[in-house]
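> One predicted model, sequence on top.
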Amino acid sequence: MNSDLIGPSFNPSSPESRSSLPPKERRWVKPTLIGVALVYLSLILFIPILNIFIQAFKDGLGAFLHNLTEPDFISAIKLTLLVALIVVPINTLFGLCAAWVLARHQFPGRTFLISLIDLPFAVSPIIAGLMIVLLYGRNGWFGPALEATNIDIIFALPSIVLASAFITLPFVAREVIPVLEEVGTEQEEAARILGANSWQIFWRVTLPNIRWGLLYGVLLTNARVMGEIGAVAVVSGNLIGKTQTLPLFVEEAYKQYETQAAFSAAVLLGCLAFVTLILKEILERKTHIKDVEVE
């Protein structure tokens, strides 16, 4: 058949085939999409954050610093740091163990175990707090036994630790599992053949390979612990000076129309988030550089 009757052939590499838009219209697509993205981010992110900083410093640096030295604020930041110091190491250890088991072994129920670890991603923090209350509250399963031994869980530090640990359970495991699967077992098997024991293999082979993923998971865990409010509000009772964490301090100060104190504490939480974001970007770049060197 004559090709002239069929028309011009389709060439995927030709510029005309890459886009159905005329060249003049195609030039406006990219700037338009960037503009829409910037407007959207400004409305939901940049402008609200900027407003918080403006409100926090509207009476000057002295007023801002004075709010950060109030006893209730000091108590809230101490409790928040204490919870982070307890929860982050516990979930880091659990995440490492769970990741190693799931990445290195195949066994019945493995998929179910992965689903259990991911459960906090799907459960509302409010529901998580209620589950803890139903277990350890006065009328809960373990309530009578705890009351008989004078052990306080609900409306005390242990309940805040439990709630924060539940919410942040998956972060370390979910960051380390893909790294372990990508690295494989060849280096570990070689070290074992050369006579290294399990601890030596972990410290000298496994840990260096997963260190950036592990640190990334630890950063995410720490950021979520310090910013968690839903589950903590349910189990803590928000007792000022006793069980009030920094996010709860912000909420309570705003409800009491102490907006200056609320915005000052919010700025501190925002700065912690910025530091976490910067460290996250550094770790991602280091991981990318390492992947390029390996290739």
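Cool, the structure landed. Numbering: from 1, shown residues only.

> For residue 173, give me its contacts.
The contact partners of residue 173, by C-beta atoms under 8 Å, 6 or more residues apart in numbering, come to 94-96, 98-99, 102, 117, 217. From N, CA and C alone the C-beta is placed, and that goes for glycine too.

> Most neighbours among these, which one is it?
Within the contacts of residue 173, neighbour counts (other C-beta atoms under 10 Å) peak at residue 217, which reaches 28 neighbours.

> tell me which element it falls in.
Assigned by DSSP states H and E, residue 217 falls within helix 207-227.

> Now that helix: buried residues?
209-227 (16 or more other C-beta atoms under 10 Å).

> Show me what the mean pLDDT comes to for it.
Helix 207-227 carries an average pLDDT of 90.

> name the helices or strands packed onto the helix or strand that it is followed by?
Using DSSP H and E, the helix or strand that follows helix 207-227 in sequence is helix 230-236. In this structure, helix 230-236 makes packing contacts with helix 125-136, helix 157-167, helix 246-255, judged by 3 or more C-beta pairs under 8 Å, 6 or more residues apart in numbering; DSSP states H and E.

> model confidence over stretch 46-60, on average?
Rounded mean pLDDT across stretch 46-60 is 90.

> Now do that stretch: distance to the chain's middle.
Relative to its parent chain, stretch 46-60 has a centroid offset of 25 Å by C-alpha atoms, centre = their mean, to the nearest Å.

> who touches it?
64, 259-260, 263-264, 266-267, 270.

> Buried residues in it, which are they?
Neighbour-count burial for stretch 46-60 flags 52, 55-56 (criterion: 16+ other C-beta under 10 Å).

> what does stretch 191-206 give?
In stretch 191-206, counting by 16+ other C-beta under 10 Å, buried: 191, 196, 201-202, 205-206.

> And for stretch 77-91?
Neighbour-count burial for stretch 77-91 flags 77, 79-80, 83-84, 86-88, 91 (criterion: 16+ other C-beta under 10 Å).

> Next step: the contacts of stretch 46-60 restricted to helices.
Within these, residues falling in helices by DSSP state H are 64, 259-260, 263-264, 266-267, 270.

> May I see these organised as CSV, with distance to residue 278 added?
Converted to CSV, these look like this (distance: C-beta to C-beta, whole Å):
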residue, distance to residue 278
64, 22
259, 28
260, 27
263, 22
264, 22
266, 19
267, 16
270, 13
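
> Filter the residues you listed down to the buried ones, PyMOL style.
Listed next is the PyMOL selection for buried residues among the ones in helices among the contacts of stretch 46-60, using 16+ other C-beta under 10 Å:
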select buried, resi 64+260+263+264+266+267+270
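
> how about TSV for the ones in helices among the contacts of stretch 46-60, with pLDDT and distance to residue 280 added?
Converted to TSV, the ones in helices among the contacts of stretch 46-60 look like this (pLDDT from 0 to 100; distance: C-beta to C-beta, whole Å):
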residue	pLDDT	distance to residue 280
64	89	27
259	88	30
260	88	30
263	93	25
264	91	25
266	92	21
267	92	20
270	86	15
